[in-house]
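Asks: sequence? don't have it. structure:
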């Protein structure tokens with residue numbers, strides 16, 4: 001099925017306004033691809049090129065009528081050159097083993113996920129996750145998802161969830177041991193994903209949404225040169241006053 005066929009048949013639905021997860025005193029509206037429409041990796045790649053992300057089985061994009069702070073971003077991996085801090089992070093973690101595994105439930109992964117959420121996102125609505133809700137969040141029946149295990153010797157330190165597309169990787173989520181702050185495992189996971197995309201001969205790494213007003217989402221601009229999706233186009237510069 002080609003892109004034109006998708007465009008003719010796929011409907012989109014907007015949620016009612018709800019509390020924004022990132023910025024205080026703001027309401028958010030999310031645009032979802034029809035949950036009943038049969039998804040595929042090709043459709044995923046097509047919508048990712050228009051700023052959509054995956055959460056579980058759903059493909060979505062913020063579409064807030066009074067705010068455009070959430071900006072889809074991607075990195076053209078062939079042009080990336082690590083900065084000094086990034087090179088230090090890479091050297092600090094050369095003793096780790098990174099292993100791609102199937103996106104299946106493991107108690108070891110889930111316990112680490114719970115520790116991470118309790119330390120980093122307590123009170124954020126993800127505290128009481130169950131094994132089922134955890135897997136529903138990270139995996140889908142149609143995406144080409146890989147869990148990359150980060151281990152020191154036999155100890156699991158992190159899991160990076162990555163989706164593979166024909167021309168790109170998409171960083172879905174990373175969780176790691178909150179007691180290993182000195183390793184900067186979040187940064188290392190992005191650097192590893194860049195290396196993996198390069199090894200696979202892919203063009204981009206999708207990094208989700210950059211939000212200049214949110215500290216938790218602003219860090220992503222340390223990976224350059226970023227492309228920002230604005231008004232239907234990918235740009236090298238973003239005007240935060242738009």
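Replies: Yep, that arrived. None of these values were measured; they are calculated from a predicted model. Numbers count the residues shown, from 1 in each chain.
Asks: Report the central residue of the chain.
Replies: Within the chain, the residue whose C-alpha comes closest to the C-alpha centroid is residue 172; the distance, by CA atoms, centre = their mean, is 3.1 Å.
Asks: That one: what's it in contact with?
Replies: For residue 172, the contact set (CB atoms under 8 Å, 6 or more residues apart in numbering) comprises 54, 138, 145, 161, 162, 163. No exception for glycine: its C-beta is placed from N, CA and C like everyone else's.
Asks: Tell me how far the fifth one lies from residue 174.
Replies: It stands for residue 162. 9 Å (CB to CB, to the nearest Å).
Asks: what's the closest of the contacts of residue 172 to residue 205?
Replies: Here the nearest of the contacts of residue 172 to residue 205, counting by CB to CB, is residue 162; it sits at 8.9 Å.
Asks: Looking at that closest one now. What's its pLDDT?
Replies: pLDDT, residue 162: 98.
Asks: swap in residue 6?
Replies: pLDDT, the model's per-residue confidence, is 47 for residue 6.
Asks: Next SSE downstream of the helix or strand containing the residue nearest to the centre of the chain?
Replies: With secondary structure defined by DSSP states H and E, residue 172 is part of strand 168-176. Where DSSP H and E defines the elements, the next helix or strand beyond strand 168-176 is helix 185-199.
Asks: looking only at pLDDT, what's the mean for stretch 235-242?
Replies: Here the average pLDDT along stretch 235-242 is 60.
Asks: Which secondary structure element of this structure has the lowest mean pLDDT?
Replies: For the chain, using mean pLDDT, DSSP states H and E, the weakest element among its helices and strands is helix 3-9, scoring a mean of 53.
Asks: before we move on, back to that, closest one to residue 74 out of the contacts of residue 172, please.
Replies: Distance to residue 74, by CB to CB, is smallest for residue 163 among these, at 12.8 Å.
Asks: is the closest residue to that closest one other than its chain neighbours in a bridge, and if so with what?
Replies: Using CB to CB, 6 or more residues apart in numbering and skipping the chain neighbours, the partner closest in space to residue 163 is residue 170 (4.2 Å). According to DSSP bridges, the partner residues bridging residue 170 are residue 163, residue 206.
Asks: Do I have it right that residue 170 meets residue 45?
Replies: No - with the criterion set as CB atoms under 8 Å, residue 170 and residue 45 do not qualify as a contacting pair; they are 9.1 Å apart.
Asks: So if I had to pick from these two, which one is more boxed in?
Replies: Neighbours were tallied for residue 170 and for residue 45 using other CB atoms under 10 Å; the higher tally belongs to residue 170 (26 against 19).
Asks: Would you mind listing where this protein has pLDDT under the threshold?
Replies: Within the chain, the stretches falling below the threshold (pLDDT under 70) are 1-8, 121-128, 237-242.
Asks: can you list the domain ranges for it.
Replies: Segmentation of the chain into domains, based on automatic domain parsing, reads 3-72+209-235, 76-204.
Asks: Quick check: residue 182 vs residue 46, distance?
Replies: Relative to residue 46, residue 182 is positioned 41 Å away (CB to CB).
Asks: Ok, residue 169 next?
Replies: Per CB to CB, residue 169 is found 16 Å from residue 46.
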